[in-house]
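Trainee: Have a look at this fold, sequence not included:
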């Protein structure tokens with residue numbers, strides 16, 4: 001059986017965590033999201049172990065228990081949100097790979113405290129309230145073109161596409177208890193780049209700015225995601241190639 005080449009080598013981890021302008025404490029959940037969508041959940045434990053042993057900043061430090069818990073929760077939340085663009089099966093495999101290396105005291109067990117409060121959203125909050133929250137978040141992300149984008153989905157041939165988007169934004173993406181609006185956009189950027197879907201990526205690059213990120217931060221996120229993709233074997237495809245794994249055009253940028 002052929003051995004799959006590693007992706008998150010020590011040199012790559014060092015390069016991405018020290019990338020200039022990278023948002024603070026973001027590289028672990030951005031890397032985990034990218035690896036999940038690349039279908040490399042086996043690489044996520046490397047990211048997690050490095051983060052809880054050496055910290056999530058640009059300079060190495062030994063995280064205390066509170067920071068380890070924050071790293072764990074932010075990575076889990078990123079993988080949950082990545083399911084909105086990368087698919088639930090990949091998110092499931094990624095979360096199970098992460099849980100396998102997470103110390104028991106850093107796991108949020110069922111029927112205990114939920115850092116996202118989603119059980120309350122689902123069971124105790126009127127759905128109309130959650131859907132309004134989602135629409136507000138969607139409008140923030142897409143700005144002046146939000147109405148047109150949602151209208152395109154409603155008129156896609158089935159209005160169920162627009163309804164699906166409203167559910168995702170309401171119950172999953174607009175929940176900012178663990179990841180901020182800008183960090184949520186970073187997750188979506190990390191999930192879209194490996195899929196070569198520039199039309200959707202362009203909206204979320206701008207959406208990160210609308211959520212409070214700087215141009216430099218968004219470009220840094222884009223850069224490290226591309227580095228991870230390239231390390232996994234993706235490449236720019238030439239116009240005359242009939243197949244292959246990579247990007248058919250330059251990855252969208254600001």
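Mentor: Nice, thanks for sending it over. The structure displayed is predicted, hence computed values, not measured ones.
Trainee: sec struct for residue 253, please.
Mentor: At residue 253, secondary structure determined by DSSP: H, G, I helix; E, B strand; the rest coil is coil.
Trainee: Pretty sure it sits against residue 219.
Mentor: Yes: here residue 253 reaches residue 219: they are 6.8 Å apart, a contact under Cβ atoms under 8 Å. In this view, the C-beta of every residue, glycine as well, is placed from N, C-alpha and C.
Trainee: And these two? Which one has more around it.
Mentor: Taking neighbours as other Cβ atoms under 10 Å, residue 253 and residue 219 compare with residue 219 leading, 17 against 13.
Trainee: per-residue confidence for the more buried one?
Mentor: pLDDT for residue 219: 98.
Trainee: who's in contact with the helix or strand harbouring it?
Mentor: For residue 219, the host element (DSSP states H and E) is helix 215-231. The contact list for helix 215-231 (Cβ atoms under 8 Å, 6 or more residues apart in numbering) reads 7-9, 12, 15-16, 19-23, 26-27, 30-31, 34-35, 38, 182, 185-186, 189-190, 193-194, 205, 208-209, 251, 253-254.
Trainee: Tell me which residues touch residue 232, please.
Mentor: When contacts are taken as Cβ under 8 Å, 6+ apart, residue 232 is in contact with 7, 35, 38, 40.
Trainee: re earlier: can you say which of the contacts of helix 215-231 are buried?
Mentor: 7-8, 12, 16, 19, 22-23, 26-27, 30-31, 34-35, 38, 182, 185-186, 189-190, 193-194, 205, 208-209, 251 (16 or more other Cβ atoms under 10 Å).
Trainee: on that earlier part again, export the contacts of residue 232 to CSV and tack on pLDDT, secondary structure and distance to residue 115?
Mentor: What follows is those, written out as CSV (pLDDT from 0 to 100; DSSP: H, G, I helix; E, B strand; the rest coil; distance: Cβ to Cβ, whole Å):
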residue, pLDDT, secondary structure, distance to residue 115
7, 96, coil, 28
35, 98, helix, 22
38, 98, coil, 26
40, 97, coil, 26
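Trainee: Which one of those is nearest to residue 77?
Mentor: Checking the contacts of residue 232 against residue 77 with Cβ to Cβ, the nearest one is residue 35 at 15.6 Å.
Trainee: Confirm for me that the closest one is in contact with residue 6.
Mentor: No: counting by Cβ under 8 Å, residue 6 is not a contact partner of residue 35; they are 11.3 Å apart.
Trainee: any shared contact partners between these two?
Mentor: Residues touching both residue 35 and residue 6 (Cβ under 8 Å, 6+ apart) are residue 43.
Trainee: re earlier: tell me which two in the contacts of residue 232 are the farthest apart.
Mentor: 7 and 38 (7.6 Å).
Trainee: can you count the residues close to the spatially closest residue to residue 61 that is not a sequence neighbour?
Mentor: Spatial nearest neighbour of residue 61, excluding adjacent residues (Cβ to Cβ, 6 or more residues apart in numbering): residue 55 at 4.3 Å. Per other Cβ under 10 Å, the neighbour tally for residue 55 reads 20.
Trainee: any idea how far residue 24 is from residue 55?
Mentor: Distance from residue 55 to residue 24, counting by Cβ to Cβ, to the nearest Å: 11 Å.
Trainee: Apart from its chain neighbours, what residue comes closest to residue 218?
Mentor: In this structure, residue 218 finds its nearest non-sequential neighbour in residue 208, 4.8 Å apart by Cβ to Cβ, 6+ apart.
Trainee: Which elements pack onto the helix or strand containing the one you found?
Mentor: Remark: residue 208 resides in helix 198-210, with elements defined by DSSP H and E. Packing contacts for helix 198-210, counted by 3 or more Cβ pairs under 8 Å, 6 or more residues apart in numbering; DSSP states H and E, involve helix 127-142, helix 181-192, helix 215-231.
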